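Colleague: What follows is a predicted protein model with its sequence.
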Amino acid sequence: MNFILLFGPQAVGKMTVGQELEKRTGYKLFHNHMTIELLHPFFGFGDEMWRISDVIREEIFKSASKIQLDGLIFTYVWAFNMQEDWDFVEKTSRIFEENGDNVYFVELEADLNVRLERNQTPNRLAHKPTKRNIFQSETELKNSMENYRLNSSVGEIKRKNYLRINNTHMTAQEVATRIQETFHFTSK
């Protein structure tokens, strides 16, 4: 099984690239907002929502590896200055690696002005109701840049299967092609 961790800051295009990869490879897309949108109506963005979200995600990861899906694509906003995010990534990777699965890291980065445009796309808003208040979403996006480091430093990720793409001027199709070609993922 192939597990792809597709990460980068908000509105960089993770879900859209994941959707394109899903179409091409048949791998299942599990974008991070799937658990957020499920739990937010009950718990808001509080600690309990994040705790339950982590439990659900871990169980999905374990089951996907256990039944040996062809592949799973998971999107994630990784705060590199937060140890708990490093721990989450390590724990998640270990779930797959201990079962002999392949783990791939794909990091996306894009200029802020492009991310602000992407924050308002119909596809994003259709799949992420908590992002529909554009003012609030943009404010959170900008504030997170002040508090978190959402892209890695050069050489920080030391994984064999790692690819970093600046997709400021790329379509989701172009990014998916590059990922597919780099890691030799076959089309379905």
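Modeller: Great, that's in hand.

Colleague: Starting from H127, give me the distance back to the residue lying farthest from the centre of the chain.
Modeller: Each residue of the chain has a distance to the centre, and by Cα atoms, centre = their mean the biggest one is for F42: 23.0 Å. Using Cβ to Cβ, to the nearest Å, F42 is found at 19 Å from H127. Every residue, glycine included, has its C-beta placed from N, CA and C.

Colleague: Likewise for N99?
Modeller: N99 sits 29 Å away from H127 when distances are taken as Cβ to Cβ.

Colleague: got it, and N32?
Modeller: Between N32 and H127 the distance, using Cβ to Cβ, works out to 11 Å.

Colleague: and the two? which has more neighbours close in?
Modeller: N32 (19 against 15; other Cβ atoms under 10 Å).

Colleague: For the more buried one, which phi and psi angles does the backbone take?
Modeller: Backbone torsions for N32, taken as degrees, to the nearest 10, come to phi -60, psi -20.

Colleague: Quick one: list the elements packing against the lowest-mean-pLDDT helix or strand in the chain.
Modeller: Lowest by mean pLDDT, DSSP states H and E among the helices and strands of the chain is helix 122-127, with a mean of 90. Helix 122-127 is packed against helix 14-25, with contacts defined by 3 or more Cβ pairs under 8 Å, 6 or more residues apart in numbering; DSSP states H and E.

Colleague: Give me the contact list for the helix it packs on.
Modeller: Residues from elsewhere that reach helix 14-25 (Cβ atoms under 8 Å, 6 or more residues apart in numbering): 4, 6-8, 27-29, 31-33, 70-71, 73, 75-76, 108, 118, 121, 123-124, 127-128, 167, 172-173, 175-176, 179-180, 185-188.
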